[in-house]
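> sequence and predicted structure are below.
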Amino acid sequence: MSQALQGLPAALEDSAAVGTRLLLVVPAYNEAANIVRVVGDLATQLPEATILVVNDGSSDETSRLARRTGQCTVVDLPCNLGIGGAVQTGFKFATRRGFEVVVQVDGDGQHKAEEIRGLVRALEAGRYDMVIGSRFLGIDSFRSTALRRIGIRLFAVVNSLAIRQPITDNTSGFRAYGREAIAFLAKHYPVDYPEPEAVILLGRNGFRIKEIPVAMEERQGGHSSIHGLKSAYYMIKVLLAIGLNMVRPPLRNGRS
């Protein structure tokens, strides 16, 4: 675990509020152009949920704008940890405060708040540990750039072989998690580009995974942290990480 995660902000250490049901985790890095709309949509569609914005060392106004909405809790990480560190912060927050369900929602506005209830219903109805919102299950939706789609197809083949289950959208960051997966990933979540790795990690450790179709939108403002040559670097690095996960022994059958 990184030193930055060891020194988490005080908001994570306050465990007074326990037994709360649904936490929406929004990892955000330089999302000042989108964060107010994202938080507002979540609060409107799911007024019963707690919204946690994890500001991943942004250099813009992401944190201030999120706080100004008055509709979310904001945790400011002391430096930019990357998406893995930001999401793992959300899992730690959920574990320490007793949340039963976590839904991961990107801070760029691509994930529709009205789709969240479908993820949660599928999670609970099938007693799954993770439900992934997929752009590739028959719904007309924004599906990213051509280069990224090539990577997504490649991950679909590799990951499906590794866990012996077809997964069409391994890079989707729109996911719902149950209590056991939350506790496991609070300890073991991949650090760098985590979404495809997490599928392998959970699948090989006995967790139950399901995909459901969702529609997504194109980013409305700001810039993705993965673009241009970084997309190729991302694919190579993730494939190497997946290879390591495939030969790594299970972590106490996924229930440690």
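Right, received. Where do you want to start? Numbering: from 1, shown residues only.

> neighbours of Ala32, how many?
Neighbour count of Ala32, defined by other Cβ atoms under 10 Å: 19. C-beta coordinates here come from the backbone N, C-alpha and C atoms, glycine included.

> how about Pro78?
For Pro78, the neighbour count with other Cβ under 10 Å is 12.

> from Ser58, how far off is it?
Pro78 sits 12 Å away from Ser58, going by Cβ to Cβ, to the nearest Å.

> would you mind confirming that Asn170 is in contact with Glu195?
Yes. Asn170 lies in contact with Glu195 (Cβ atoms under 8 Å); the separation is 6.3 Å.

> higher neighbour count, those two?
Shown here are Asn170 and Glu195; by other Cβ under 10 Å, Asn170 has more neighbours (26 against 21).

> what sits against that one?
Neighbour list for Asn170: 152, 155-156, 159, 195-196, 199 [criterion: Cβ atoms under 8 Å, 6 or more residues apart in numbering].

> how does it look with 6 Å?
155, 159, 196, 199 (Cβ atoms under 6 Å, 6 or more residues apart in numbering).

> so which of those residues wins on neighbours?
Comparing the contacts of Asn170 by number of neighbours (other Cβ under 10 Å), Val199 comes first, having 31 neighbours.

> pLDDT value on that one, please?
Val199 is assigned 92 on the pLDDT scale.

> what's the distance between Gly118 and Phe174?
10 Å.

> those two - which one has more neighbours?
Ranked by neighbour count (other Cβ under 10 Å), Gly118 and Phe174 place Phe174 first, with 24 against 16.

> how close does that one get to Gly40?
Separation of Phe174 from Gly40 (Cβ to Cβ): 18 Å.

> with Gly90 instead?
19 Å.

> next up, phi/psi of Gly133, please.
Gly133 adopts backbone torsions of phi -80, psi 120, taken as degrees, to the nearest 10.

> hang on, it packs against Phe174?
Yes. Counting by Cβ atoms under 6 Å, Phe174 is a contact partner of Gly133 at 3.7 Å.
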